[in-house]
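**Student:** Sequence first, then the predicted structure:
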Amino acid sequence: DAGVIQSPRHEVTEMGQEVTLRCKPISGHNSLFWYRQTMMRGLELLIYFNNNVPIDDSGMPEDRFSAKMPNASFSTLKIQPSEPRDSAVYFCASSDRDGSYEQYFGPGTRLTVT
Amino acid sequence: EDKVVQSPLSLVVHEGDTVTLNCSYEVTNFRSLLWYKQEKKAPTFLFMLTSSGIEKKSGRLSSILDKKELFSILNITATQTGDSAIYLCAVVKAVSEKLVFGKGTKLTVNP
């Protein structure tokens, strides 16, 4: 199994630009989670999907952030417009809701907004 | 508000030492508690604890949960430099399966 796949691994962009992060969950997993990690705040849950449906987006910081899951094997997290304070590592994780609830994390996308 | 607190925030030990990492929580609708190890990349799963008093063990690592006092500990015996990492504790909420993470304990094991 390839595990959770995220792209890009690194993204450097200028303030005001649109950023799109991508995630492919583990095949057969029916829950997908987007997290943001910073030194100050640790790991924060942004949004999660179950069977492609957004269940809880209360962690999304503001309207500049949006996430979609058009099918079971793909999700995107978009930031428009980006700001320097969005700089962080963004992780995607997936789990089998009917299984152990253990979440498997992707390698993360390190985003730097200048 | 749900809260997971880990202590200490950081710890520096010598190879061969034994360490105990702490995790306390105040979370509604508790289902289980997970421990993760994070080196340079993504967190990797160590243990899942659901029942009080039952120790989970994997090599030199072990963990136990106390659901009455709302805490868990992670023990590492005979530490090695490869144990250097951030150790994250997370509580799984029932129904929603959301994970609430602590800020982690940064462990440094010096040779």
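**Tutor:** Okay, I see it. It should be emphasised that the depicted structure is a prediction, and the values quoted were computed from it without experimental measurement. Numbering: from 1, shown residues only, chains lettered A, B, ... in the order given.

**Student:** any idea which helix or strand carries the residue nearest in space to the middle of chain A?
**Tutor:** Nearest to the geometric centre of chain A sits A:Trp34, at 3.2 Å (C-alpha atoms, centre = their mean). Per DSSP states H and E: A:Trp34 is located in strand A:31-38.

**Student:** partners of that strand in the sheet?
**Tutor:** strand A:42-50 (antiparallel), strand A:88-95 (antiparallel) (DSSP bridges).

**Student:** Name the residues that touch that strand?
**Tutor:** For strand A:31-38, the surrounding residues in contact (C-beta atoms under 8 Å, 6 or more residues apart in numbering or on different chains) are A:23, A:25, A:43-50, A:67, A:69, A:75, A:77, A:87-97, A:103, A:105, A:108, B:97, B:99. For glycine as for every other residue, the C-beta is placed from the backbone atoms N, C-alpha and C.

**Student:** Give me the buried positions along it.
**Tutor:** Residues of strand A:31-38 classed as buried by neighbour count (16 or more other C-beta atoms under 10 Å in any protein chain shown): A:31-37.

**Student:** just the strands in the chain please.
**Tutor:** Answering for chain A, as no chain was given. A:5-7, A:10-13, A:19-24, A:31-38, A:42-50, A:53-56, A:65-71, A:74-79, A:88-95, A:104-105, A:109-113 (DSSP state E).

**Student:** wrong one, I was asking about chain B
**Tutor:** Secondary structure of chain B (DSSP E): strands located at B:3-7, B:10-14, B:19-26, B:30-38, B:44-49, B:56-58, B:61-66, B:71-76, B:85-93, B:99-101, B:105-110.

**Student:** Nearest to chain A, out of the ones you listed?
**Tutor:** The minimum distance between chain A and the strands of chain B falls on strand B:99-101, with 4.2 Å, by C-beta to the nearest C-beta.

**Student:** if you look at that closest one, does any of it touch chain A?
**Tutor:** Yes. Using C-beta under 8 Å from any C-beta of the partner chain, strand B:99-101 reaches chain A at B:99-101.

**Student:** now these in JSON lines, with pLDDT, neighbour count and distance to B:Gln6?
**Tutor:** What follows is the residues of strand B:99-101 next to chain A, written out as JSON lines (pLDDT from 0 to 100; neighbours: other C-beta atoms under 10 Å in any protein chain shown; distance: C-beta to C-beta, whole Å):
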{"residue": "B:Leu99", "pLDDT": "86", "neighbour count": "25", "distance to B:Gln6": "14"}
{"residue": "B:Val100", "pLDDT": "90", "neighbour count": "22", "distance to B:Gln6": "12"}
{"residue": "B:Phe101", "pLDDT": "92", "neighbour count": "21", "distance to B:Gln6": "9"}
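
**Student:** Distance to B:Pro43 added to those, as TSV?
**Tutor:** As requested, those are exported to TSV (distance: C-beta to C-beta, whole Å):
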residue	distance to B:Pro43
B:Leu99	10
B:Val100	14
B:Phe101	9
